[in-house]
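> model this:
(chains A and B)
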Amino acid sequence: MPVLRFRASRLLEAVGDPSMDLAKLMSVLPKLKCEVSLLEDGETLELEIDRDRPDMFSLRGLAEAVRLYLGLSKPRRFTSSGVGIEVLVDPPRKRPFIAAAALEGAEIGSEEDLEELIQFQEKLHLSYGRRKRVAIGFHDLYKLPSRRIEYRYVSVKERFVPLHMDREMSIEEVLRSTEQGREYGSIARDGDMHPALISGGKIIAIPPVLNSDITRVEPGTKGLFIDVTGTDLRAVTEILAVIVYPFLLAGARLLSAKIIYPSSTIVTPDTSWRSVRIDRSLFEEWLGLEVPTEDELRKLLERMGLELATYSESGFEVNVPPHRIDVLHPVDVLEDVAMAIGYDEIGAEMVATYEVSRPSALTRLWEALRDLAIGLGYTEVNSLTLTSSKLLEALGIEEFARIENPLQQELDALKPVPLPSLMQVLAESQHRQHPVKVFEISECVTRDASSPTGYRNRVLMGLAVLDTVVKFEDIHADCFAILRSLGLEPASRRCSSAPRFAIEGRCAEIVVGERAVGMVCEIDPGILEALGIEYPVGYIELDVERILEVGGFGR
Amino acid sequence: MSTVASLVELLRSKGLVEVRERRRVVVEASEEGKRYASEGFPEERLARELASRGGRAPARDLAEVLGRDAFRIGISWARRRGWVSIESGIAVLKGFEPLDRHREILQRFSTPREVDPDVLQDPVVSELVKRGLLSVRERKEKVVKLRDDAVDRARQLLSVGEAVPHLTHELLASGRWRAVVLKPYNVEALPPTRYPGKKHFFIEFVKRVREVMLALGFEEIRYDYVIPELWNFDALFQPQDHPARDVYDVFYVPGSCDLQPFKEVAERAKLVHEGDSRCGSRGWGYSWSLEKASKLMLRSHATAATVRFIAERKEPPARGFCIGRVFRRDRMDATHLPEFTNFDGVVMERGFSFRKLLGLLTQIMRSLGFQRVRFRPAYFPFTEPSVEGMVLIEGMGWVEVFGAGMFRPEVLEIAGAKAPVGAWGMGLERLAMALLSINDIRNLYTRDVDFLRRFPLLRGW
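Have a look, this model is predicted:
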């Protein structure tokens, strides 16, 4: 979720209600899905704003949402003052789409204005594919060498002065040696070519990487040229609508751009409102509420910046402004209505219980096994499925699922058996009062060629005993005690190929009928030493799902 | 014996008795000695034989008459006594005195008899002992005597009978328990520390949640941890370039899933994402990738399991819940774990509305012991309206505990659901921490068995 920071006094000023104080502001914001907190400096507000409302990522946009919600403002429509920019597109293969606009009177008065602009841009980038899907460029409109722009591939040998640099560099060099170049350079580069925006013969940007210094926006900038480039037309036009919105609220004059593709021409940004029809039945079924009267509904919609267009017995139509790109379906309008009413005011409707369910057979067996282990004096532990591949390998376990992008080496794999986590518990608890008897029933992840993923969860029970002396017969007896208590008649067979963690000749496979349900063994001293365990350990492993099958408990 | 000794020592240390040691000697004639007593000593028999032969006889003849052994012993002792000498193989009698006292002594000890130790000093006795004709057994004896000044105390003790430390089967079976006294213990002393087998407090909390859900008529759902992105994201209408589907946020597993078994869901996901849906949605309008949807990952929320449950059921009514581990690429600290327990649920019913969802969540929270629930708007890509729920916890105020909402029509279309679906999800660790007053999430996964042994069982219930 994007996190934004604004100075509280600036936001209050933008809301523009003399009766509003900080406390009141902070109580209104959560009703608009903004989680807000005041930082320790006492003047910076930190807001978590959901990704579906990018129109609230700017100071003006956020303030307007508050104003509308409080009834200080009514939904406003903005139109273009005409075409002021032409963009000739020779579509770059990897990033064919562009939308653009110019804003006269979009003033960047101070460093703080500039910081907010950069924050706005960054959060949009972060929320829309980290520049892969869309990339946004801001330029000083009055520094453009020409208002006829070209968008096309150029050779990576071409040179320009990158933003905040004082010398020309080749695109290749920029991609190789600047921070942005390294981070975003691979997104659009196509062999020896890279997309570029050219104005008056000069490169003004190489989206999605970096702008040129010649159109740099700085305090004192009095107008903006905005480009949005990307891989899909709808995304670039929608984001452009979101970007121009706060400047239009502040009174800037919008100039459209004529985008000339080889086979078509479009004009951006799109300032038209969309109409969404909502059936009365959908409203009532979805929310569980009656449709309000026309006047009430209009007021509710207006508090969310929407217009009521028509109202009838069968339903109503709502006009949605172009910056509300989150409205994909009528239900998105329903949520706005619910928010305008207030979730705590909607009134929860209690639901009938129709039938008490029985725990599943697996859950019943799971609980029975827990009871038996407790009865035998074992303490239940709870551990992560994530484990270390090194530990698994030290135990001689080779088949397991690995994590492709681990955050830390100690958690780069999934345990296929309960042993590794039990051994970690014993290593840490070995000097506690003896005997240390622990168990865990957990979902382990094993390889399984018959599963479409190649992996499967398996419910396994592990029990382990650490003591000054651990006798095989004692753990063997515990294992039999558990199985016999379930009414099963177990038998033991010498392991044909004992796992590497077991002492040779001290490992038994436990069978019920002809089916293996588990194993009992003493842990190999070499392994104990490697794990820093100074006492002998006995281990029991039971396949809970297999026991369910052989015991017929699933029926 | 050692028990007697230790008891004596105990009584002595208490000044009740005095202890004296005494040496006792018992003497008894050996079999050989008894024979000599009646037949005479070999040297006597030798002297008499010589006398009957006139005081001189070849030694060889004597040996023949007396027998080899008796002759050898007899000649040796007769010479030592000065009765006989041997000259060139001829024994010559020089004198003789019958050994009456020797025989008398042997006779006296034909049965064991205790003697004064001084008797052993007698030369005849001493000779008989040396010759193995008398055997001597000695033993030390302790004489315990009640001290004169302790008579009253002893009488008092005796009046209460014999004291024993443990009541035993033997005492009960023999009836001897009537004659003994069970010593009082120091019952105020600390007993030894002992730990019973114990269930894990967090798993018990999970069980409690499960029981609440079963009572509300929900069935439990279980699915794998390793799943294709399809279930975690695409089925939930999360666009493929959504920031949450990033290598920075979720864990990926090498390989991809064969989506053939979920072909219909994948096909509908493509149409809905791209904007070609029948449910009236604009979709996202990008080119959807099957390859991306089949990539393997660790599920990051249990909604991946509940949406699959809906896709398998399709027909209402269905109520399901899943309590299981989910994985997120978070660094471990006091409030975060890369793996934690999600509790997710879904209800698919005709006429199930947002208001009913709020009602159901209120009921669930009340069943778990939270009387006051508050809602506020939220955003999740797969629900609309979306809501966050907070409960009032004593000492903590309002704590955010769950996210919920109505599955979007896009999600219903992808899953093939025939009725509205209300859904919710929450992390159980945070809720458990609040209830159990634990402030480090890692304590729920402790490796220190003593933490578990000492954790109070009913805390927070």
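> can we go C-alpha only for contacts and neighbour counts from here?
OK.
> mind listing what whatever residue of the stretch 101-250 of chain B ends up closest to chain A touches?
Residue of the stretch 101-250 of chain B nearest chain A, by C-alpha to the nearest C-alpha: B:G197 (3.9 Å). By C-alpha atoms under 8 Å, 6 or more residues apart in numbering or on different chains, the contact set of B:G197 is A:A373, A:I374, A:G375, A:L376, A:G377, A:Y378, A:T379, A:E380.
> just these: which are in helices?
A:A373, A:I374, A:G375 (DSSP state H).
> stretch A:284-300: end-to-end distance?
Start-to-end span of stretch A:284-300 (C-alpha to C-alpha, to the nearest Å) is 16 Å.
> now do that stretch: distance to the chain's middle.
Centre-to-centre, stretch A:284-300 and its host chain are 32 Å apart (C-alpha atoms, centre = their mean, to the nearest Å).
> in it, which residues are buried?
A:E284, A:E285, A:W286, A:L287, A:G288, A:V291, A:L297, A:R298, A:K299, A:L300 (16 or more other C-alpha atoms under 10 Å in any protein chain shown).
> for those residues, name the two members farthest from one another.
Maximum pairwise distance among these (C-alpha to C-alpha): 21.7 Å, between A:E285 and A:K299.
> follow-up on the earlier one: ok, and which of the contacts of B:G197 reach chain B?
A:A373, A:I374, A:G375, A:L376, A:G377, A:Y378, A:T379, A:E380 (C-alpha under 8 Å from any C-alpha of the partner chain).
> tell me the one of these nearest A:R216?
Closest approach between the ones next to chain B among the contacts of B:G197 and A:R216, by C-alpha to C-alpha: A:E380, at 63.4 Å.
> what's around the closest one, how many residues?
23 (other C-alpha atoms under 10 Å in any protein chain shown).
> wait, it touches B:E204, no?
No - applying C-alpha atoms under 8 Å as the test, A:E380 and B:E204 come out as separate, 10.3 Å apart.
> related to what we said a few turns ago, buried subset of the contacts of B:G197?
Taking 16+ other C-alpha under 10 Å as the criterion, what is buried in the contacts of B:G197 is A:A373, A:I374, A:G377, A:Y378, A:T379, A:E380.
> pick out the most distant pair among the residues you listed.
Maximum pairwise distance among these (C-alpha to C-alpha): 9.7 Å, between A:G377 and A:E380.
> report how many residues lie close to A:A241.
Look at A:A241: counted by other C-alpha under 10 Å, it has 24 neighbours.
> same question for A:H164.
So A:H164, with other C-alpha under 10 Å, has 11 neighbours.
> can you check B:G395 too?
B:G395 has 8 neighbouring residues, counting by other C-alpha under 10 Å.
> for it, phi and psi?
Backbone geometry at B:G395, expressed as degrees, to the nearest 10, gives phi 80, psi -10.
> ok, now which ones touch it?
By C-alpha under 8 Å, 6+ apart, B:G395 has no neighbours at all.
> swap the cut-off to 10 Å and go again
B:A434, B:S437 (C-alpha atoms under 10 Å, 6 or more residues apart in numbering or on different chains).
> how about the one 5 residues further on?
Under the criterion of C-alpha under 10 Å, 6+ apart, the neighbours of B:E400 are B:V373, B:R374, B:F375, B:R376, B:E388, B:G389, B:M390, B:V391, B:L392, B:M426, B:R430, B:L431.
> those residues in strands, which ones?
Within these, residues falling in strands by DSSP state E are B:V373, B:R374, B:F375, B:R376, B:E388, B:G389, B:M390, B:V391, B:L392, B:M426.
> intersect the residues you listed with the contacts of chain A.
The subset of the ones in strands among the contacts of B:E400 within reach of chain A, by C-alpha under 10 Å from any C-alpha of the partner chain, is B:V373, B:R374, B:F375, B:R376, B:E388.
> shared neighbours, A:G377 and A:E380?
Residues touching both A:G377 and A:E380 (C-alpha under 10 Å, 6+ apart): A:K437, A:V438, A:F439, B:G197, B:K198.
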